[in-house]
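Colleague: Here is a sequence with its predicted model. Questions after.
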Amino acid sequence: MPVRIPDHLPAAKTLNQENIFVMSETRAANQEIRPMKVLILNLMPNKIETETQLLRMLSNSPLQVDVELLRIHDKQSKHTPCDHMNAFYRDFKDIRERNYDGLIVTGAPLGQIDFTEVSYWDKIQDIFNWSQQHCTSVLYLCWAAHAAFYHFYGLNREVREQKRSGVYLHQKSDSNAPLLRGFDDEFYAPHSRFAEMNLEELELHPELEVLASSEQVGAYLVLSKDNRNLFVMGHPEYDKDTLAQEYHRDVQAGINPDIPVNYFRNNDPSQSPVGRWRSHGSLLLANWLNYYVYQLTPYDLSDMSAITPWEVS
């Protein structure tokens, strides 16, 4: 089934060239179907790149998905044209009275800044709180996951001096979790961050369940016990060359970064990277949409009280 996106969104051209089925709002309006309404709070600098990555993954679900884009503030973006932001992004004040089946909060390049020093920390906390009453399920990526752990549970991250970058092997902790259906016992996922959560703290927390982790980089997939919040510590949405772009950018900036782990052929940055995570990333988003959004959400989104906890069968 297609992802429904605004007319003329730049991602549509890229996805159509990849034979990925996306549908404009105009065309979708003529279909009699209740699509899943998913809101994306995009905190990444290059908005268009991140939009395309997430829409590509959402398109692999058999469900029709109606996507809206949200920005954290209306300040001018350094990496995305103002016309694009004004045409396709909504402000929180415009949607805060609405309900959504799902919310995705992206990562952000804020790994070395204390949460309380982030310029929009009050705003992100407001959206986090709002989401618990207005969204069936929330998926937090990388920095957003760390921020949500701190906001909801008082769990803080450990900041590293050197950036963690590469593609790491992970193991499932709970083979019966619906989120992991179809996953191999071991799978790869990319990481790009300066901070990480303490795995033991997450495992011992009574409101959280660690579903997958890595011996090298710790927790990867963590789910709240009420199935409403999914925390993903990596970047399953990344394109094959995203880590390469980040690495070469940092080299040019004189940062002297480590070579991303298990990424370039023969560990040589002059050679092409190897993509090892795309199938897992697509399955992760499809399972989240199916088991934690579609299976839980009320048909009438105006009645969020209709959401009831369920048990794995």
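Modeller: Happy to help now that I have it.
Colleague: Mean confidence (pLDDT) on the helix ranked longest in the chain, please.
Modeller: Secondary structure of the chain per DSSP state H: the longest helix is helix 121-134. The average pLDDT within helix 121-134 is 97.
Colleague: Send me it as CSV with only the CA atoms.
Modeller: C-alpha atoms of helix 121-134 as CSV (Å, rounded to 0.1, in the frame of the first residue of the first chain):
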residue,chain,number,x,y,z
TRP,A,121,14.0,21.6,25.3
ASP,A,122,10.8,23.0,26.7
LYS,A,123,9.1,22.5,23.3
ILE,A,124,10.2,19.0,22.9
GLN,A,125,9.0,18.1,26.5
ASP,A,126,5.6,19.7,25.6
ILE,A,127,5.4,17.5,22.5
PHE,A,128,6.5,14.4,24.4
ASN,A,129,3.8,14.9,27.0
TRP,A,130,1.2,15.7,24.3
SER,A,131,2.0,12.5,22.5
GLN,A,132,1.0,10.3,25.4
GLN,A,133,-2.6,11.5,25.1
HIS,A,134,-2.8,12.1,21.3
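Colleague: who touches stretch 196-214?
Modeller: 145-146, 149, 153, 155, 157-158, 160, 164, 168-174, 177, 179-180, 183, 187, 189, 217-226, 233 (Cβ atoms under 8 Å, 6 or more residues apart in numbering). No exception for glycine: its C-beta is placed from N, CA and C like everyone else's.
Colleague: repeat that for 6 Å
Modeller: With Cβ atoms under 6 Å, 6 or more residues apart in numbering as the test, stretch 196-214 has contacts from 155, 157-158, 168, 170, 172-174, 177, 218-223, 225.
Colleague: Tell me the buried residues in the longest helix of the chain?
Modeller: Within helix 121-134, the residues that count as buried by 16 or more other Cβ atoms under 10 Å are 121, 124, 125, 127, 128, 131, 134.
Colleague: Who are the packing partners of the helix or strand encompassing residue 219?
Modeller: Here residue 219, judged by DSSP states H and E, is contained in strand 218-224. Contact analysis of strand 218-224 by 3 or more Cβ pairs under 6 Å, 6 or more residues apart in numbering; DSSP states H and E lists helix 199-204, strand 208-214 as its packing neighbours.
Colleague: The ones you listed: which one's closest to residue 67?
Modeller: With Cβ to Cβ, the closest approach to residue 67 among these belongs to strand 208-214: 25.2 Å.
Colleague: Averaged pLDDT, the strand holding residue 219. What do you get?
Modeller: Averaging pLDDT residue by residue across strand 218-224 gives 97.
Colleague: Neighbouring strands - and their directions - for it?
Modeller: Strand 218-224 pairs in its sheet with strand 208-214 (antiparallel), strand 229-232 (antiparallel), by DSSP bridges.
Colleague: The one residue sitting closest to the centre of the chain pairs with what?
Modeller: Nearest to the mean C-alpha position of the chain, by Cα atoms, centre = their mean, lies residue 141 at 3.9 Å. According to DSSP bridges, the partner residues bridging residue 141 are residue 232.
Colleague: Kindly state the beta-bridge partners for residue 189.
Modeller: Note on residue 189: beta-bridge partners residue 168, judged by DSSP bridges.
Colleague: No further queries at this time; thank you.
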